[in-house]
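# Need coordinates for the below:
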Amino acid sequence: MINTFPILITSAIKPPENFPALAMQDSDIRMAATKASIYFWVAQGAKELVIVDSTATDVLNSEDLELFKRLGVHLEHITFTQDNEKVRTLGLGYAEGNLLKYGVENSELISKKGSFFKCTGKVFCRNFADIFDLVVSKKISNLFWQRFPSSPDLVETRFFFCSLDSFHRNILPCYLNSDTKNIIEADLAKVLGSQLNRANEIRPLLTGFSGGPGNQYFGGRGYLYEEKAYGDLDSHFPCWFNTISGAPKLGVYL
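Here you go, the predicted structure:
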C-alpha cells in the first residue's frame, strides 16, 4: 500500500525531568518505543512520514534514513525545543498542540497534500490499510473516533485524520487553549459535535506504549483500559466525520 496522505508522528524523546504526568521518562525507552512504531508504519507500506520531536532530538539516525530511502519512503524530520515551564504549567494537551502546530506549519508534505493522519509517537495502527481505504473510498475530509465505546464525550486523540482547514479552524485552538484543568479529549468532543456528523464505522486498532502511565496499551498489567473483545464494535464504532460534496455515505448515522 502506498498512502497518499502524510502520517504526522509526534514525539518528545527527552521530556521535562520529574514531570509527574509522565511515568515513562527514560529517554532511551521513549526512543526505542518511538522508533519501533515508525518501523511498523514503514513495514506496513507507509510512504510519507512527518516525524516531529519537541525536545530537539533526532529520532532516526543515518542508517534508518538510508534504509527508508531505499524503501521509497519520503520522510521529513522536524525538531524544535519546547518551553518546559509552559508544559509543566499547562499540561500535556498544550504540549501536544504545540507539537502539532510546529509540525503542520513546517511540513512541505502536509502543505502540499492538504490533509494528514496524526499518530502519537510510540503508537501504530494495526489496520491502517482498512482505515486508509475507508478515507479514500468514502471521500472523507475529517475522521475522529470516540475514545471508548461508552464515552461519547471523549475523542480519541492518539490517531485521527484531519484537513488543514479543520485543523487550523477547529482542532488546534482546542489544544492551545488547553491547561491542566481541562480534558482535551472532552473539549474536542464538544467542538467536533458542533461541526461534524456522527456515524458508526471501522475503528483503528492501536498498539504501542503510553507515556503517561508508562504501560503498553492493552497489555500492561493492571492497565485501566484493558482491551477486551469488542466484537461488532471493531467495524461499527462511533466516530465524527465529514466528507466532500457528493461522497458516499458512511455507516449508520447517529
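# pLDDT below threshold where in the stretch 151-254 of the chain?
Applying pLDDT under 70 to the stretch 151-254 of the chain picks out residues 209-233, 245-254.
# And the helices in it?
164-166, 172-176, 184-195 (DSSP state H, counting those that start in this stretch).
# Please identify the buried residues of the second one?
By 16 or more other C-beta atoms under 10 Å, the buried positions in helix 172-176 come out as 172, 174, 175. No exception for glycine: its C-beta is placed from N, CA and C like everyone else's.
# counting contacts, what elements does that helix pack onto?
When contacts are defined as 3 or more C-beta pairs under 8 Å, 6 or more residues apart in numbering; DSSP states H and E, helix 172-176 packs onto helix 92-105, helix 184-195.
# Verify the stated contact: residue 96 with residue 157.
Yes: at 7.3 Å, residue 96 and residue 157 qualify as touching, with contact defined as C-beta atoms under 8 Å.
# ok, back up a step: nearest to residue 138, out of the helices of the stretch 151-254 of the chain?
helix 164-166 (16.3 Å; C-beta to C-beta).
# Give me the residues contacting that closest one.
Applying C-beta atoms under 8 Å, 6 or more residues apart in numbering, the contact partners of helix 164-166 are 104, 110, 111, 114, 115, 116, 141, 142, 195.
# The first one: how many residues sit nearby?
Translated: residue 104. Using other C-beta atoms under 10 Å, residue 104 has 23 neighbouring residues.
# Same check on the third one?
Using other C-beta under 10 Å, residue 111 has 13 other residues around it.
# residue contacts, it?
Here residue 111 is in contact with residue 164 (C-beta under 8 Å, 6+ apart).
# before we move on, what about the fifth one?
The contact partners of residue 115, by C-beta under 8 Å, 6+ apart, come to 5, 141, 161, 162, 163, 164.
# Tell me the confidence at it?
Looking at residue 115, its pLDDT reads 96.
# That one and residue 93, how far apart?
Using C-beta to C-beta, to the nearest Å, residue 115 is found at 22 Å from residue 93.
# how far does the helix or strand hosting residue 111 sit from the chain's center?
Assigned by DSSP states H and E, residue 111 falls within helix 108-113. Between the centre of helix 108-113 and the centre of its chain there are 17 Å (C-alpha atoms, centre = their mean, to the nearest Å).
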